[in-house]
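Here is my input; please provide its structure:
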Amino acid sequence: MTSPSPNGYKGWSREELIERITLLESKKDRPVVQPVIQPKLFSFSSHPRRKIALKFSYSGWEYGGLAFQLGPTPLPTVEGVLFDALAKARLIDQEAGFEGCGWEKCGRTDRGVSAAGQVVSLWATTSKPTFEHDYLSILNRLLPDTIRVLAWSPVAPKFSARFSCLYRHYKYFFSPLGLDIPRMQQAALRLVGDHDFRNLCKLDPQKQITIFRRKVITAEIEPLSLAENGEGVYVFNLVGTAFLYHQVRHIMAILFLVGTGLEPPSVVSSLLNVEAGVEPTKDGDSPYEVVDRKPEYQMADALPLMLWECGYPETEVSWRTTGKPDDDGSAQGGTLYHQMQSIHSRSQIYTTLNQHFFAAASIHHPPPPSLFPVSNVELLPREAMNIPLGGGTFKRSNNYTPLLKRNRLDTVEVMNERWRTGKGFRRDERRKAAEGGPVPDDDEDE
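Predicted structure coming up:
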């Protein structure tokens, strides 16, 4: 086809113009093909790794516990959310899972329990062996406000967030109303030392635990904020080298019974006396009953419990807030400080609102006579009473049965053996079947 002359289309014939218009129209309707740009794949194998420790906090009531679960959970787990953020930042390989990055946590907290100083250790990718990312900025941009990375530290290859830990410090916050605090402190001091805590924890035969001795370093109760009318908040500080399943919440349940006057402080020593002569009698105490089986009682509420600190040797961790050791982290620290300050300020507003709701209700509903603490259990009225379980929760009871006179569970040895020959045996059979072994007859869920 003839191309347009410098003078345009003036010299074209009618047929040439029609042909030119047809050609232009066909080009206009033709779809424009954009070049396909393949995303650049990130190769974890081509990047060096270094081992780090992360210190972080989380609001326990927002999550279904710390530990990642294979099956679906009503609420997300803290580990699952943190792992996903690390994977999104390409600091770990998601397909390799927790084992692929050598993931270890200091202590496991259950649903509803919070932490202000939880620690995990892992192998993270880096551009160069000596390069240090600004982990706080990277991860806190990807994490929800209910999980905050507070600091990080380079650690040695043999460092373990779990096994390198020297101590764990838990805090349990509670109201002193109706409680005899000095009695509770007397009971708490009996926890200090190396004891068998099988009667002060949840017994889980699936774990097949046979050793229940743990060392408590500190067990103290102190006021945080008190008003003139006696209202306010106390905190129970419990520091130990390691803890059993639900151990702190079981201890608090017993301390509440002591604080209400329903149990003597010596009940703690009795519960620790799992065989004759284990607990030396203290001055003024009667000989302790041997309690080789756990009495039935309800543990304290999870909401007020917090893992406050995980302690490590100073030679093994060097907590920092930026990627540069010589940087004071003022910019990042300021951002995180204001974030936490904002959350705290908002919670104070909720507290003030609830105080006014309470004051408005008190105008029409005066407080009933206080039952606790009681001076003599034998003189308890035969009426409903609310035994505190922490966090504003109670166990309602008409008649109180002393702890050491209640029904008791089977011994640890019996519970472990029953599980081992029952559910444990069936679990092993299912595993054998999955590997090509004989098919079990019983398919009961674990």
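
Okay, helices next: where are they in the stretch 151-300 of the chain?
Assignment of helices within the stretch 151-300 of the chain using DSSP state H, counting those that start in this stretch yields the ranges 181-189, 247-259, 267-272.

Which of these sits closest to residue 205?
Closest to residue 205 of the helices of the stretch 151-300 of the chain, according to CB to CB: helix 247-259, at 16.7 Å. (Each C-beta comes from the backbone N, C-alpha and C, glycine too.)

by contact count, what packs against the closest one?
On a contact count with 3 or more CB pairs under 8 Å, 6 or more residues apart in numbering; DSSP states H and E, helix 247-259 meets strand 167-174, helix 181-189, strand 232-240, helix 267-272, strand 305-311, strand 385-390.

Next secondary structure after the last one?
Helices and strands here follow DSSP states H and E; after strand 385-390, the next one along the chain is strand 393-397.

next helix or strand past that following strand?
Counting by DSSP H and E, the next helix or strand C-terminal to strand 393-397 is helix 412-421.

Give the buried residues for that following helix.
412, 415, 416, 419 (16 or more other CB atoms under 10 Å).

in the stretch 51-200 of the chain, which segments are predicted with low confidence?
Residue ranges of the stretch 51-200 of the chain with pLDDT under 70: 128-131.

need the strands for it, in chain order.
Assigned by DSSP state E, counting those that start in this stretch, the stretch 51-200 of the chain shows strands spanning 104-105, 114-125, 147-154, 167-174, 193-196.

And the second one, what does it pack against?
Helices and strands touching strand 114-125, as assessed by 3+ CB pairs under 8 Å, 6+ apart, comprise strand 49-58, helix 78-88, strand 104-105, strand 305-311.

cool, and the last one?
Using 3+ CB pairs under 8 Å, 6+ apart as the contact definition, the elements that strand 193-196 packs against are strand 213-226.

now the fourth one
Using 3+ CB pairs under 8 Å, 6+ apart as the contact test, the elements touching strand 167-174 are strand 213-226, strand 232-240, helix 247-259, strand 305-311, strand 385-390.

Most tightly packed of these?
The highest average neighbour count among those, using mean count of other CB atoms under 10 Å, belongs to helix 247-259 at a mean of 24.

the inter-axis angle of that helix versus helix 181-189?
140 degrees (axes from the mean of the first three to the mean of the last three CA atoms, to 10 degrees).

Export helix 247-259 to CSV, keeping only CA atoms.
Coordinates of each C-alpha in helix 247-259 appear next as CSV, following Å, rounded to 0.1, in the frame of the first residue of the first chain:
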residue,chain,number,x,y,z
GLN,A,247,1.7,-24.8,87.4
VAL,A,248,1.4,-21.0,88.0
ARG,A,249,-2.4,-21.1,87.7
HIS,A,250,-2.7,-24.0,90.1
ILE,A,251,-0.5,-22.3,92.6
MET,A,252,-2.6,-19.1,92.4
ALA,A,253,-5.8,-21.1,93.0
ILE,A,254,-4.3,-22.5,96.3
LEU,A,255,-3.1,-19.0,97.3
PHE,A,256,-6.7,-17.7,96.8
LEU,A,257,-8.0,-20.4,99.1
VAL,A,258,-5.5,-19.4,101.7
GLY,A,259,-6.2,-15.7,101.2
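
Report the angle between it and strand 385-390.
Interaxial angle of helix 247-259 relative to strand 385-390 (the same axes, to 10 degrees): 140 degrees.

Distance to residue 204 added to the buried residues of helix 412-421, as TSV?
Shown next, in TSV, are the buried residues of helix 412-421 (distance: CB to CB, whole Å):
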residue	distance to residue 204
412	10
415	9
416	10
419	9
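
Closest to residue 357 out of these?
The closest of those to residue 357 turns out to be residue 415 (CB to CB; 45.1 Å).

pLDDT score assigned to the nearest residue to that closest one once chain neighbours are set aside?
Of all residues not flanking residue 415 in the chain, residue 205 sits nearest, at 4.6 Å (CB to CB, 6 or more residues apart in numbering). For residue 205, the model assigns a pLDDT of 91.

residues touching residue 205, list them.
For residue 205, the contact set (CB atoms under 8 Å, 6 or more residues apart in numbering) comprises 415, 416, 418, 419, 420, 424.

can you redo those as a markdown table with distance to residue 123 and pLDDT?
Converted to a markdown table, these look like this (distance: CB to CB, whole Å; pLDDT from 0 to 100):
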| residue | distance to residue 123 | pLDDT |
| --- | --- | --- |
| 415 | 38 | 93 |
| 416 | 35 | 93 |
| 418 | 41 | 92 |
| 419 | 35 | 91 |
| 420 | 36 | 89 |
| 424 | 33 | 68 |
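
Doesn't residue 354 belong to a strand?
No. Under DSSP: H, G, I helix; E, B strand; the rest coil, residue 354 falls outside any strand and is assigned helix.

ok, it to residue 224 distance?
Applying CB to CB, to the nearest Å, the value for residue 354 to residue 224 is 18 Å.

burial of residue 12, as a residue count?
When neighbours are counted by other CB atoms under 10 Å, residue 12 registers 15.

Deepest in the core, which of the strands of the stretch 51-200 of the chain is it.
Compared across those, strand 114-125 shows the largest average neighbour count, a mean of 23 (mean count of other CB under 10 Å).

Could you give the separation of that one from the chain centroid?
11 Å (CA atoms, centre = their mean, to the nearest Å).

partners of it, with directions?
Strand pairing for strand 114-125, using DSSP bridges, gives strand 49-58 (antiparallel), strand 104-105 (antiparallel), strand 305-311 (parallel).

Switch those strands over to JSON lines; also include distance to residue 115.
Formatted as JSON lines, the strands paired with strand 114-125 follow (distance: least, CB to CB, whole Å):
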{"stretch": "strand 49-58", "distance to residue 115": "6"}
{"stretch": "strand 104-105", "distance to residue 115": "10"}
{"stretch": "strand 305-311", "distance to residue 115": "4"}
